[in-house]
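In: Got a predicted model here, sequence first, then my questions.
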Amino acid sequence: MTKKTRVLFICTANAARSQMAEGYLQAKYGDRYEVYSAGTKKARVSARAIDVMREIGIDISHQHSKTLDEVSGMEFDIAVTLCDNAHRICPVIPNAGTTIHQGFFDPHLTPGNDMEVLAGYRSVRNEIVAWIDEMFRTRA
């Protein structure tokens with residue numbers, strides 16, 4: 001049996017971007033990757049992130065927010081910081097073989113009414129999905 005590549009996605013609150021990335025990579029390429037996410041601080045998983053992932057057939061409602069301290073005893077092959085704040089705080093993840101920075105806009109900061117904010121979440125979800133497909137489709 002081939003060992004799966006362990007990937008950790010990191011953003012500030014582990015509420016939206018890293019949760020969507022974890023859910024997508026696990027759902028799409030989980031046969032090759034063991035996927036986790038964490039944040040520099042803990043928060044609730046965003047209901048809007050759950051909603052926009054459900055729109056593409058991926059349920060992340062069971063996922064929960066974790067801090068980097070909670071995964072500090074684990075080893076990862078790849079760590080990906082998904083926001084500039086997490087990258088500034090943790091430019092290198094010591095328990096990861098490789099640390100990559102790929103920043104995405106914080107959808108929580110999308111201005112406007114509920115529909116416009118939800119559209120912001122969809123846009124970031126689509127960007128994350130496209131990046132993961134490009135980055136991980138043939139890797140591992």
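Out: Nice, thanks for sending it over.

In: Please, which helix or strand holds Gly57?
Out: For Gly57, there is no host helix or strand (DSSP states H and E).

In: which phi and psi does Thr99 have?
Out: For Thr99, the backbone dihedrals (degrees, to the nearest 10) come out as phi -120, psi 130.

In: and it, how far is that from Arg6?
Out: Look at Thr99 and Arg6: by Cβ to Cβ, to the nearest Å, they are 13 Å apart. All C-beta spots, glycine's among them, are computed from the backbone N, C-alpha and C.

In: where do the strands sit along this structure?
Out: Using DSSP state E, the strands found in the chain span residues 5-11, 33-39, 76-81, 96-101.

In: wait, doesn't Ile93 sit right on Phe76?
Out: Yes - with contacts counted by Cβ atoms under 8 Å, Ile93 reaches Phe76, the gap being 6.9 Å.

In: so what sits against both of these two?
Out: By Cβ atoms under 8 Å, 6 or more residues apart in numbering, Ile93 and Phe76 have these common neighbours: Leu8.

In: in the protein, which ranges drop under the pLDDT threshold?
Out: Along the chain, the parts satisfying pLDDT under 70 run over 1, 140.

In: Please produce CSV containing the strands of the chain, extended by distance to Asp69.
Out: Written out in CSV, the entries for those read as follows (distance: least, Cβ to Cβ, whole Å):
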stretch, distance to Asp69
strand 5-11, 12
strand 33-39, 8
strand 76-81, 14
strand 96-101, 15
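
In: Could you pull out the helices in the chain for me?
Out: Across the chain, reading from the start of the chain, the helices by DSSP state H fall at 17-29, 47-55, 84-89, 114-136.

In: and the second one, what other elements does it pack with?
Out: Under the contact criterion of 3 or more Cβ pairs under 8 Å, 6 or more residues apart in numbering; DSSP states H and E, helix 47-55 touches helix 17-29, helix 114-136.
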